[in-house]
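>>> sequence first, predicted coordinates after that:
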Amino acid sequence: LPIFDSITFSNLDLGRYLVVETRAPKNVSTKIESFLIDLPRTSENGEGWDYDVTVYPKNITIYGNVTLTHTNEQNEPLAGATWKLEKKASNGDWTQYDGIDILTTNADGQITIENLEKGDYRLVQNSVIDGYIMDKTAVKNFTIDLENTNKNLTAKSEKLNIQKYVKNGQGEYTNTLGAFTTDRLTWKTKADIAEIISKMGKYTITEKIPEELIVKQDSIKIYGVDENGNETLLQNNCYSKNITNEQLKIDFNTESLVGYKNVVITYDTVFYIEVIDSGEYEISASLEYTDEINSNGTSVGTYKTNEAKAKTHTGMVKIFKTDINGNPLERAQFKIATSEENAKNGVFVKNIENFDLVAESSQEGYADFEGLKFGEDGQNASDAQSEYWIVEVVAPSEKYSLLGKPKKVLVNSNSSENMINIINKEKFKLPLTGGKLNIIFFVLGVSAVVLAIIRFKKKEEVKE
């Protein structure tokens with residue numbers, strides 16, 4: 001029979017009837033017990049008979065509520081994720097629940113559904129914010145029945161990040177570092193690993209290397225890091241590595257990363273002296289990974305993170321060597337020190353062969369010191385600066401005097417645009433040779449000496 005709020009049986013013969021509930025509404029937990037009805041039956045006042053009888057059997061109904069709380073890996077609410085509600089049919093198939101459209105998590109990361117009839121349900125992720133991994137295989141199943149009328153479910157989505165560092169002289173990692181072009185620098189990349197990494201089809205780290213830096217391939221090390229910070233060197237079968245002049249790319253076997261919280265890559269670089277110039281040199285790293293896993297477990301999407309960056313910078317000093325009249329002087333040689341004390345003691349900055357770094361003025365009077373470290377560790381190049389002292393070690397020629405004392409200069413990101421003028425003065429000359437006037441003075445001087453000797457002898461004769 002059809003199910004109504006009320007039902008009527010008409011034109012019944014007089015007698016006793018058994019009423020049986022054959023099918024109950026969806027939200028009924030148990031059917032009513034069967035009962036007897038007599039036609040007619042005694043009226044309520046007991047003075048007559050009722051031939052039209054109304055009864056009010058009552059079912060015990062069940063309506064359930066469910067709340068889903070969706071968070072990120074830091075257990076912070078994840079707003080804007082969408083889910084769909086499905087109910088299990090009698091044949092075992094799952095279909096979207098009638099009357100409920102796509103559900104979206106609120107500012108608290110929650111979805112609440114009320115007045116659900118009894119049955120088996122599941123919540124399936126439909127979408128998530130960019131960068132967060134959506135795993136459609138991780139459905140949230142629940143049942144509404146007499147003993148389960150209020151359900152609280154949780155879900156978590158992960159978003160992976162990547163970081164880039166360069167090591168300073170104290171063994172600490174920073175994002176920016178001043179360096180000499182003779183330095184060998186160590187770089188570090190650290191990337192998150194998802195808890196569901198085994199389900200992910202792609203996990204690739206790509207690093208962009210400027211042409212001024214050369215990666216020492218034998219220095220590349222790759223580690224898996226557990227939740228306690230313990231590092232394990234990964235074997236070659238855990239990844240494939242491809243390196244060119246300006247890129248390092250590592251594709252990981254995701255199964256090999258199970259159990260780790262992070263992956264860490266370290267390597268060393270040296271400066272490519274043939275192309276180096278004073279300036280800022282940046283290495284960037286990005287992570288590309290599976291961000292959607294389909295209901296059948298296949299990877300169907302990828303996400304690429306923003307580039308994480310670390311930088312090193314070098315500076316320079318530009319010298320213009322002239323005489324007092326501003327004329328350029330060539331072949332003057334200079335050395336440079338990191339402090340005034342070092343300059344006075346002859347302790348100078350070294351070149352790549354570990355000899356003192358020397359700058360010699362050209363025919364136009366120019367001399368440069370390139371590849372100088374400046375600033376404190378962690379300072380951006382635009383905010384950093386350091387003092388140096390220049391010492392002239394060879395004058396332009398014999399007639400010029402050397403610079404009297406070390407000259408202080410400031411090295412920063414703008415020093416390549418500023419010229420330091422160093423002036424040489426000619427040595428003081430005694431009028432000893434050359435010209436008629438000098439000959440006359442010479443003759444007069446000799447004559448005076450001769451006259452003095454003669455007078456001295458005459459005095460001696462008088463005494464005798």
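Cool, got the structure.
>>> tell me the contacts of the residue nearest to Ala179 when sequence neighbours are not counted?
Leaving aside its sequence neighbours, Ala179 sits nearest to Thr312 (CB to CB, 6 or more residues apart in numbering; 4.7 Å). For the C-beta atoms, the positions are set from N, CA and C on the backbone; glycine is no exception. Going by CB atoms under 8 Å, 6 or more residues apart in numbering, Thr312 touches 166, 176-179, 185, 280-281.
>>> how about the helices in the stretch 351-464 of the chain?
Remark: helices assigned in the stretch 351-464 of the chain by DSSP state H, counting those that start in this stretch are 436-463.
>>> flag the shaky bits of it, pLDDT-wise.
Along the stretch 351-464 of the chain, the parts satisfying pLDDT under 70 run over 428-464.
>>> let's go with 50 and repeat that
432-435, 437, 461-464 (pLDDT under 50).
>>> quick check: Leu85 touching Glu114?
No: checked against CB atoms under 8 Å, the pair Leu85 and Glu114 is beyond contact range at 11.9 Å.
>>> of those two, which one has the most company?
Just comparing Leu85 and Glu114: by other CB atoms under 10 Å the higher neighbour count belongs to Leu85, 22 against 10.
>>> please name the nearest non-neighbouring residue to that one.
Leu85 sits nearest to Tyr97 (CB to CB, 6+ apart), 4.4 Å away.
>>> residue contacts, the one you found?
Tyr97 neighbours (CB under 8 Å, 6+ apart): 85-87, 121.
>>> do Leu116 as well
By CB under 8 Å, 6+ apart, Leu116 lies in contact with 63-66, 144.
>>> now do it, the pLDDT please.
With respect to pLDDT, Leu116 scores 90.
>>> how close does it sit to Leu213?
61 Å (CB to CB, to the nearest Å).
>>> what ranges do the helices span in the stretch 51-200 of the chain?
Taking DSSP H, counting those that start in this stretch as the criterion, the stretch 51-200 of the chain carries no helices.
>>> show me where it has its strands.
Counting by DSSP state E, counting those that start in this stretch, the stretch 51-200 of the chain has strands at residues 60-61, 64-71, 82-88, 94-96, 103-104, 110-116, 119-127, 134-135, 140-144, 150-156, 162-167, 173-174, 176-178, 185-192.
>>> just these: most buried one?
Most buried of the strands of the stretch 51-200 of the chain, by mean neighbour count (mean count of other CB atoms under 10 Å): strand 176-178, with a mean of 24.
>>> mean confidence score for that one?
Per-residue pLDDT over strand 176-178 has a mean of 95.
>>> now do stretch 323-339
On average, the pLDDT along stretch 323-339 is 96.
>>> report the distance from that stretch to the chain centre.
Its chain's C-alpha centre and that of stretch 323-339 lie 44 Å apart, by CA atoms, centre = their mean, to the nearest Å.
>>> end-to-end on that stretch?
Start-to-end span of stretch 323-339 (CA to CA, to the nearest Å) is 26 Å.
>>> next: stretch 367-384.
For stretch 367-384, the end-to-end distance is 23 Å (CA to CA).
>>> over to stretch 251-270?
Stretch 251-270 has an end-to-end distance of 25 Å (CA to CA).
>>> cool, stretch 17-35 as well?
8 Å.
>>> any idea of the mean pLDDT for that stretch?
For stretch 17-35, mean pLDDT is 79.
>>> helix, strand or coil for Ile265?
When classified by DSSP: H, G, I helix; E, B strand; the rest coil, Ile265 comes out as strand.
>>> show me the beta-bridge partners of it.
Assessed by DSSP bridges, Ile265 has beta-bridge partners Thr189, Ile222.
>>> count of neighbours near it?
For Ile265, the neighbour count with other CB under 10 Å is 22.
>>> closest one to Gln247 out of the contacts of Leu116, please.
The closest of those to Gln247 turns out to be Val66 (CB to CB; 49.0 Å).
>>> residues contacting the closest residue to the closest one other than its chain neighbours?
Closest residue in space to Val66, ignoring its immediate chain neighbours: Lys151 at 4.3 Å, by CB to CB, 6+ apart. For Lys151, the contact set (CB under 8 Å, 6+ apart) comprises 64-67, 142, 144.
>>> out of the residues you listed, what pair is the most spread apart?
Farthest apart among the contacts of Lys151 by CB to CB are Thr67 and Ile144. That separation is 13.0 Å.
>>> quick revisit: export the contacts of Tyr97 to a markdown table and append columns for distance to Lys335.
Formatted as a markdown table, these follow (distance: CB to CB, whole Å):
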| residue | distance to Lys335 |
| --- | --- |
| Leu85 | 78 |
| Glu86 | 79 |
| Lys87 | 84 |
| Tyr121 | 81 |
